[in-house]
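Peer 1: just a sequence and a predicted model for now, questions to come.
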Amino acid sequence: MSQSVVPVTPIRVVVAKPGLDGHDRGAKVVARALRDAGVEVIYTGLHQTPEQIVDAAIQEDADAIGLSVLSGAHLTLFPKVVELLSERDASDIVVFGGGIIPDADIAVLEKAGVAKVFTPGASTHDIVDWVCAKFAGR
């Protein structure tokens with residue numbers, strides 16, 4: 001098992017559940033794993049709009065936004081968050097996410113600016129390691 005190394009300045013991640021999806025157990029598990037690794041986590045709760053998520057990330061001076069979507073609306077919601085960050089001159093905030101996302105949609109999301117997509121079965125260790133590695137050089 002790999003050991004995550006958190007930078008001296010804590011990473012700040014907004015974990016959000018966009019849209020009408022009412023299942024947040026996975027988002028909470030990821031939030032807790034990140035927190036346990038030393039990441040500062042801001043969990044926004046259920047039923048957030050892309051605008052609310054981007055507002056929270058900017059207000060919290062977040063390094064990243066982790067989105068969780070199980071409803072099938074990922075092709076609409078993930079790119080909208082990326083688009084709003086760009087409009088607000090906050091493209092430096094990294095967007096990653098996961099949920100029930102078909103393999104064929106991953107390339108579409110990455111082309112839209114989503115840095116990483118985790119599918120069902122991804123371990124919390126893999127997610128934490130990716131987040132920590134993404135910000136290790138800052």
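Peer 2: Everything's here; your move.
Peer 1: can you list contacts of the longest helix seen in the chain?
Peer 2: Ranked by residue count under DSSP state H, the longest helix found in the chain is helix 74-87. Contacts of helix 74-87 with the rest of the structure, by CB atoms under 8 Å, 6 or more residues apart in numbering, involve 18-19, 50-51, 53-54, 57, 65, 67, 69, 91, 93, 95, 97, 99, 101, 105, 108-109, 112-114. Where you see a C-beta, it was placed from the backbone N, CA and C, and this is true even at glycine.
Peer 1: partner strands of the next helix or strand after that helix and their direction?
Peer 2: The helix or strand immediately downstream of helix 74-87 is strand 94-99, counting by DSSP states H and E. Each strand paired with strand 94-99, and its direction, by DSSP bridges: strand 64-69 (parallel), strand 116-118 (parallel).
Peer 1: could you dump those strands to JSON lines with distance to Arg32 and mean neighbour count?
Peer 2: Formatted as JSON lines, these follow (distance: least, CB to CB, whole Å; neighbours: other CB atoms under 10 Å):
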{"stretch": "strand 64-69", "distance to Arg32": "12", "mean neighbour count": "25"}
{"stretch": "strand 116-118", "distance to Arg32": "15", "mean neighbour count": "21"}
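Peer 1: and the residue nearest to Ile106 when sequence neighbours are not counted, how close does it get to Phe135?
Peer 2: Spatially, and ignoring its direct neighbours in sequence, Ile106 is nearest to Val117 (4.7 Å; CB to CB, 6 or more residues apart in numbering). From Val117 across to Phe135, the span is 18 Å (CB to CB, to the nearest Å).
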